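Student: Make a model of this:
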Amino acid sequence: IVDDIPKNLQVLSSILNTENYQISFASNGSQAIDVAKSSMPDLILLDIMMPEMDGYEACRILKSDKETSHIPIIFLTGKAETEDVVRGLKLGAVDYVTKPFNSSELLTRVKTQLELKHSRDALIEFNDELLKTQSDLKSAIATKDKFFSIVAHDLRVPFTGFLGLSELLRDRYDDMSGEDIERISSNMNKAAKSLFSFLENLLEWSRSQMGHLEYNPHKLDLFETAQRTISIFESAAKEKELVLHNLIERNTFAVADNNMLNTVVRNLVSNALKFSNKGDKIELSVSEIDGNFIQFQVQDYGVGMDRDAQKKVFMIEEKYSRPGTANEKGTGLGLILCKDLVEKHGGELKVDSTPGKGTCFMFTMPTE
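Tutor: Sure thing, here's the model as predicted:
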């Protein structure tokens, strides 16, 4: 309630207290603006004729400020001339009450404006929720489209190659030398491993999206995790003449789900192998972030990528994949899966890369 006459404040307070409203007071326009900004009332009863700053000016300022513009204002006035009422409404007031006050009229008008205010607030909240739902729905549709794109195209291509090799072996086996059979068998084995890795990522990502992944964190030695991953890729690294270095000291611990951590490190090392050149090295290391997190790094010195590519590698809605240095195929799903798994631990997956100089993928894991 804003009025420069204490008696009016007392009368209005007595009337409104019958409805148990919580009331704040101001005795002039400037004070009203300060109180409104600090308490954000649901309704302002604003006297027009006041010294220093009248109600019209106070209303104009309140309505021009984004923080207070939504607060409804009822003018209190001894004037009932049409031009005064119209001026107040043009400034943004929602109603007016003339002095001397009629209790029933005042309470009815206050109740009406409060109900309208609460209805508007509810509508705004509902609209915000609707916009968020719409955004979530668009994201879900983009995710679904990406998923089916991967299944329909990226899964079909390697299967086609695998089938082609098996048919070649079946139809021309009798005409092949031992060397030919060995070469085709080797290529089929590579294709099968690639398909298995892809299907493994696809199933893990699907379970992650549906919330079906089991999460069982416990204390793990990152040295052993790195060493185990290196042993898996030892033959692939040898074939490309790459060297895998485990720079992590023994008894370097993180608290993580063993399967999830292995999946993340395996995918990052596989990615590093794919985009490294003959004779390059790949380094697995860690660094302390703070008392609660440790950072795991997979650094290669291969082809690298530009800033635009770095933004896309973790986005399911962006169709981003590129062949490796030996024309290895990929879908980009592995990095998206890694991001999901790292975030389930409360960590963060980042990339730092320079074209022609290499790439470092970094992710954090809790230590307790």
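
Student: only C-alpha atoms for contact and neighbour calcs from this point on.
Tutor: Will do.

Student: what ranges of the protein fall below the confidence cut-off?
Tutor: Applying pLDDT under 70 to the chain flags the ranges 79-82, 143-158, 194, 197-198, 201, 205-213, 316-321, 323, 327, 329-332.

Student: Mind naming the longest helix for it?
Tutor: helix 103-149 (DSSP state H).

Student: Please enumerate the helices of the stretch 251-368 of the chain.
Tutor: Counting by DSSP state H, counting those that start in this stretch, the stretch 251-368 of the chain forms helices over residues 258-274, 307-312, 333-344, given from the N-terminal end onward.

Student: coming back round to it: mind listing residues that contact the following helix or strand past the longest helix of the chain?
Tutor: Later in the chain than helix 103-149, the nearest helix or strand by DSSP states H and E is helix 156-172. Contacting residues not belonging to helix 156-172 are listed as Ile181, Ile184, Asn187, Met188, Ala191, Ala192, Leu195 [C-alpha atoms under 8 Å, 6 or more residues apart in numbering].

Student: number of nearby residues for the nearest residue to the third one once chain neighbours are set aside?
Tutor: Just to be clear, that refers to Asn187. Taking C-alpha to C-alpha, 6 or more residues apart in numbering, and ignoring the residues beside it in sequence, Asn187 has Leu165 as its nearest neighbour in space, at 7.9 Å. Applying other C-alpha atoms under 10 Å, we find 16 other residues in the vicinity of Leu165.

Student: swap in the one 5 residues further on?
Tutor: Counted by other C-alpha under 10 Å, the residues lying close to Arg170 total 10.

Student: same thing with the one 4 residues further on?
Tutor: Look at Asp174: counted by other C-alpha under 10 Å, it has 9 neighbours.

Student: Phe314 - nearest residue in space that isn't next to it in sequence?
Tutor: What sits nearest to Phe314 in space, not counting adjacent residues and going by C-alpha to C-alpha, 6+ apart, is Ile336, at 4.9 Å.

Student: if I look at Asp171, how far off is Ala32?
Tutor: To Ala32, Asp171 is 91 Å away according to C-alpha to C-alpha, to the nearest Å.

Student: quick one: which of the two has more around it?
Tutor: For Asp171 against Ala32, the residue with the higher neighbour count under other C-alpha under 10 Å is Ala32, and the figures read 24 against 9.

Student: Which of the helices or strands spans the more buried one?
Tutor: For Ala32, the secondary-structure element it belongs to, assigned by DSSP H and E, is helix 29-39.

Student: for that helix, packing partners?
Tutor: Applying 3 or more C-alpha pairs under 8 Å, 6 or more residues apart in numbering; DSSP states H and E, one finds that helix 29-39 contacts helix 55-64.

Student: List of residues touching the helix it packs on?
Tutor: Under C-alpha under 8 Å, 6+ apart, the answer for helix 55-64 is 29-30, 32-33, 46-49, 68-70, 73, 75, 88, 91-93.

Student: The helix or strand just after it vs helix 103-149, what angle?
Tutor: In the C-terminal direction, the helix or strand that comes right after helix 55-64 (DSSP H and E) is strand 73-77. Interaxial angle of strand 73-77 relative to helix 103-149 (axes from the mean of the first three to the mean of the last three C-alpha atoms, to 10 degrees): 160 degrees.

Student: immediately after strand 73-77, which helix or strand?
Tutor: In the C-terminal direction, the helix or strand that comes right after strand 73-77 (DSSP H and E) is helix 82-90.

Student: What lies in contact with that following helix?
Tutor: Helix 82-90 is contacted from outside by Tyr56, Phe75, Asp95, Tyr96, using C-alpha under 8 Å, 6+ apart.

Student: Buried residues, that helix. List them.
Tutor: For helix 82-90, a neighbour-count test (16 or more other C-alpha atoms under 10 Å) marks Val85, Gly88, Leu89 as buried.

Student: Just the CA coordinates for it, please, in PDB.
Tutor: Coordinates of the C-alpha atoms in helix 82-90 are reproduced here as PDB (Å, rounded to 0.1, in the frame of the first residue of the first chain):
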ATOM      1  CA  THR A  82     -12.600  10.300 -16.600                       C
ATOM      2  CA  GLU A  83      -9.400  11.900 -17.800                       C
ATOM      3  CA  ASP A  84      -7.600  11.000 -14.600                       C
ATOM      4  CA  VAL A  85      -8.800   7.400 -14.700                       C
ATOM      5  CA  VAL A  86      -7.800   7.100 -18.400                       C
ATOM      6  CA  ARG A  87      -4.300   8.500 -17.700                       C
ATOM      7  CA  GLY A  88      -3.700   6.000 -15.000                       C
ATOM      8  CA  LEU A  89      -4.900   3.100 -17.200                       C
ATOM      9  CA  LYS A  90      -2.700   4.200 -20.100                       C
END
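
Student: Report the angle between it and helix 55-64.
Tutor: Going by the same axes, to 10 degrees, helix 82-90 is angled at 20 degrees with respect to helix 55-64.

Student: other SSEs contacting the following helix or strand past helix 82-90?
Tutor: From helix 82-90 onward toward the C-terminus, using DSSP H and E, the following helix or strand is strand 95-98. Strand 95-98 is packed against strand 73-77, with contacts defined by 3+ C-alpha pairs under 8 Å, 6+ apart.
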